[in-house]
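Colleague: Model the structure of this input:
(chains A and B)
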Amino acid sequence: MKDGATRDGYGVALVELGASNPDVVVLDSGVSDSSRTKPFGQKYPERFFNMGISEGDMVCTAAGLATTGKIPFATTFACFLLGRSMDQILVSVAYSNTNVKLAGTHTGIAVGEDGPSAQMIVDIAYTRAIPNMIVIQPGDWEEARQATHALANYKGPAYLRLGRAKLKALYDKSHKFEIGKGHVLKKGRDVVIFATGCLLQESLKAMEDLQNENISPTLVNISTIKPIDSALIVKLAQEHGAVITAEDHNKFGGLGDAVGDVLLENNIHVPFKKIAVKDQFAETGTAAQLFEKYGLSANHVAKAVKEILQQKNS
Amino acid sequence: MEGATKAPEEISKLVNIAREIRRTSLRTIHRAGSGHPGGSLSAADILTDLFFGGVMKYDPQNPNDPDRDRFLLSKGHASALYFTILAKAGFFPEKELESYRKINSPLFLSGHAHPKTPGVEIASGSLGQGLSVAHGIALGARLDNRNYKVFVVLGDGELQEGQIWEAAMSAVKFKSTNLTAIVDFNKVCQDNLTKDLKDLEPLEDKWRAFGWDTYRIDGHNMQEIHHTLKIPPHAEKPRVIIADTIKGKGVSFMEGQPGWHGVAPSDEELAKALKELE
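Modeller: Predicted coordinates:
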């Protein structure tokens, strides 16, 4: 079990892939220290392309490399990777269906002190809406490592949502990450929480507190946000009769909407709550302060659980 | 550096091919009822030499040959020209051009090209991306120790996109000498004259300042085009060929007219144009 940021699991996986897969190449936009691509670059300099601060150029260069059979991981802060390059991603990656992996680090308000211009809270919405694109947010260091390997073996465009914050380990090496599969972290009753990324940590904390009140929700890690594990969501929503989604992302277009779509399309009408950023820009501050103020902390998860149980039982 | 020259009869053969390409491009746009004649006619001579002058190495029977030279049309709106060239080069039968811009087009002959069409490397339609993609392919050649070259045709208008200059810096940084960019400098955009939107001049100075091996030629002089395209790669710089061209070249009433950027000719206009191109 290894604690660590998902960006760190990603960086380690890239170095492993450098040895095991000669087609893997890595591109960065001048932030290789922070994005954790630097160790790959030092070990495999001929397969590492630091494009400087020019994200659109990076994404299209990656697309060109992909047409020659390479497996490019184009990496930088999510704000700029997607914000600067949406057009390039649409035309040269998604529509062209090139085998480009887009890895966005520094996601969510968990980024903290750098402020809202560096806190990417619309990336799941952006990428979910793109045909041909799959969207993955690993839950911890180990899952990030495994997801990176899985993406190298997956043919097609993908967005990997990574974070800066150090996370407590959820998994050890025996975990088997699989694209498209959710994973039940804790089996409980009465309400199911579908969470992704660092909201898994907040949910676990909330569940410790709720234990004292004899409330034990089921917690599911949704690390593949697209294609989402509809079968698992339907089954658990029906079993529990109340659904909460939790993510460090704006409330529109993220995991909450993805789960909501599944429920509506399957005629499942149960109490439903989203824990997400409430359609606003946050501010500077520590991640913990922001999570408290903007509704993503364990306290807010616990509150949502109690409210939804009340709703369910009323 | 010296390139190759062709015998006059070889050149006149190419000129005839280019005329035929122009005629087919215009017929294809006319049949579709929409398209971009001006920028197709301006780039016709350049593409003719690339594909039929013995510049590019390709095998239409094996369009994915890993050793093929790569061609990208970054100014994707000149798709009627692109598809006409690919058809004449044997990537698909010329009859397929009848489905250009039509729903259920079997080879996906869309308003802007897509790799579902044999011979097409990447989708286009958003200006400014092609040079970066071409450079990515050039880097792929180096990683695989392959000797193929990458040619990309850019429009002059798209040089107003910042990404072109990002890519210009990248290709110099990585010493991508297997990359040749050709600017179809036809001086006219959709809205207006290029210089009235954003003046590109002094254009050679700009590319030289970015570190490129820079040439400027008459983009309708087949001998000059061929000679320059055949110059061996520079030892450490990528190459740009700025080709001065005329938008709508070959059809008097289209030449230099922004109005002919994205409009299909009527029956009478087509007849008149084809007569001029006899």
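Colleague: from chain A, which residue is nearest to chain B?
Modeller: residue A:64 (2.1 Å; C-beta to the nearest C-beta). Using the backbone N, CA and C atoms, a C-beta is placed for each residue, glycine as well.
Colleague: what about residue 259, neighbour count?
Modeller: You didn't pick a chain, so chain A it is. 28 (other C-beta atoms under 10 Å in any protein chain shown).
Colleague: Chain B is the one I meant
Modeller: 12.
Colleague: what about it, is that helix, strand or coil?
Modeller: Assigned with DSSP: H, G, I helix; E, B strand; the rest coil, residue B:259 falls in the helix class.
Colleague: who touches it in this structure?
Modeller: Shown in contact with residue B:259 (C-beta atoms under 8 Å, 6 or more residues apart in numbering or on different chains): no residues.
Colleague: Next, work out how far apart it and residue B:190 are.
Modeller: From residue B:259 across to residue B:190, the span is 10 Å (C-beta to C-beta, to the nearest Å).
Colleague: ditto for residue A:99
Modeller: Counting by C-beta to C-beta, the gap from residue A:99 to residue B:190 is 33 Å.
Colleague: more neighbours, these two?
Modeller: residue A:99 (22 against 14).
Colleague: Chain A: strands as residue ranges?
Modeller: A:24-28, A:48-50, A:71-77, A:101-105, A:134-136, A:158-161, A:183-186, A:192-195, A:218-221, A:224-226, A:243-250, A:272-277 (DSSP state E).
Colleague: likewise the stretch 151-278 of chain B?
Modeller: B:179-185, B:213-218, B:239-244 (DSSP state E, counting those that start in this stretch).
Colleague: Where does the prediction get shaky in the stretch 1-150 of chain B?
Modeller: B:1-2 (pLDDT under 70).
Colleague: so which residue of it comes closest to chain A?
Modeller: Counting by C-beta to the nearest C-beta, the stretch 1-150 of chain B gets nearest chain A through residue B:136, at 2.1 Å.
Colleague: May I ask which helix or strand encompasses that residue?
Modeller: Here residue B:136 is covered by helix B:130-143, with elements defined by DSSP states H and E.
Colleague: ok and that helix relative to strand B:239-244, angle-wise?
Modeller: 150 degrees (axes from the mean of the first three to the mean of the last three C-alpha atoms, to 10 degrees).
Colleague: Show the secondary-structure elements that helix B:130-143 is packed against.
Modeller: helix A:55-67, strand B:70-73, strand B:150-155, helix B:162-173, strand B:179-185 (3 or more C-beta pairs under 8 Å, 6 or more residues apart in numbering or on different chains; DSSP states H and E).
Colleague: If you drop the residues flanking it in sequence, what lies closest to residue B:81?
Modeller: residue B:40 (3.7 Å; C-beta to C-beta, 6 or more residues apart in numbering or on different chains).
Colleague: Report the secondary structure state of that neighbour.
Modeller: Relying on three-state DSSP, one would call residue B:40 helix.
Colleague: burial of it, as a residue count?
Modeller: Other residues close to residue B:40 by other C-beta under 10 Å number 29.
Colleague: Return the residues of chain A in contact with chain B.
Modeller: Proximity of chain A to chain B, by C-beta under 8 Å from any C-beta of the partner chain, involves residues A:25, A:46-47, A:49, A:51-52, A:54, A:56-57, A:59-70, A:72, A:87-88, A:90-92, A:95-98.
Colleague: from those residues, which would you call buried?
Modeller: A:25, A:47, A:49, A:51, A:54, A:56-57, A:59-68, A:70, A:72, A:87-88, A:90-92, A:95-98 (16 or more other C-beta atoms under 10 Å in any protein chain shown).
Colleague: sorry, back to before: let's have the strands of chain A in JSON lines, adding mean pLDDT.
Modeller: Output for those, formatted as JSON lines (pLDDT from 0 to 100):
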{"stretch": "strand A:24-28", "mean pLDDT": "98"}
{"stretch": "strand A:48-50", "mean pLDDT": "98"}
{"stretch": "strand A:71-77", "mean pLDDT": "98"}
{"stretch": "strand A:101-105", "mean pLDDT": "98"}
{"stretch": "strand A:134-136", "mean pLDDT": "98"}
{"stretch": "strand A:158-161", "mean pLDDT": "98"}
{"stretch": "strand A:183-186", "mean pLDDT": "98"}
{"stretch": "strand A:192-195", "mean pLDDT": "98"}
{"stretch": "strand A:218-221", "mean pLDDT": "98"}
{"stretch": "strand A:224-226", "mean pLDDT": "98"}
{"stretch": "strand A:243-250", "mean pLDDT": "98"}
{"stretch": "strand A:272-277", "mean pLDDT": "98"}
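Colleague: of all those strands, which lies closest to residue B:120?
Modeller: Closest to residue B:120 of the strands of chain A is strand A:71-77 (C-beta to C-beta; 19.9 Å).
Colleague: Which single residue in the stretch 151-278 of chain B comes nearest to chain A?
Modeller: Counting by C-beta to the nearest C-beta, the stretch 151-278 of chain B gets nearest to chain A through residue B:166 (3.7 Å).
Colleague: that's a helix at residue B:97, yeah?
Modeller: Yes. Under three-state DSSP, residue B:97 falls within a helix.
Colleague: Spell out which parts of the stretch 51-200 of chain B neighbour chain A.
Modeller: B:66, B:114-115, B:121-126, B:128-129, B:132-141, B:143-144, B:162-163, B:166-167, B:169-170, B:173-174.
Colleague: sorry, back to before: which ones are touching the closest residue in space to the residue of the stretch 1-150 of chain B closest to chain A that isn't next to it in sequence?
Modeller: Leaving aside its sequence neighbours, residue B:136 sits nearest to residue A:64 (C-beta to C-beta, 6+ apart; 2.1 Å). Counting by C-beta under 8 Å, 6+ apart, residue A:64 makes contact with B:122, B:132, B:133, B:134, B:135, B:136, B:137, B:138, B:139, B:140.
Colleague: ok, the first one touching residue B:72?
Modeller: Pointing back at residue B:122 there. Yes. With contact defined as C-beta atoms under 8 Å, residue B:122 counts as touching residue B:72 (6.3 Å).
Colleague: got any residues that touch both of the two?
Modeller: What both residue B:122 and residue B:72 touch, as defined by C-beta under 8 Å, 6+ apart, is the set B:130, B:133.
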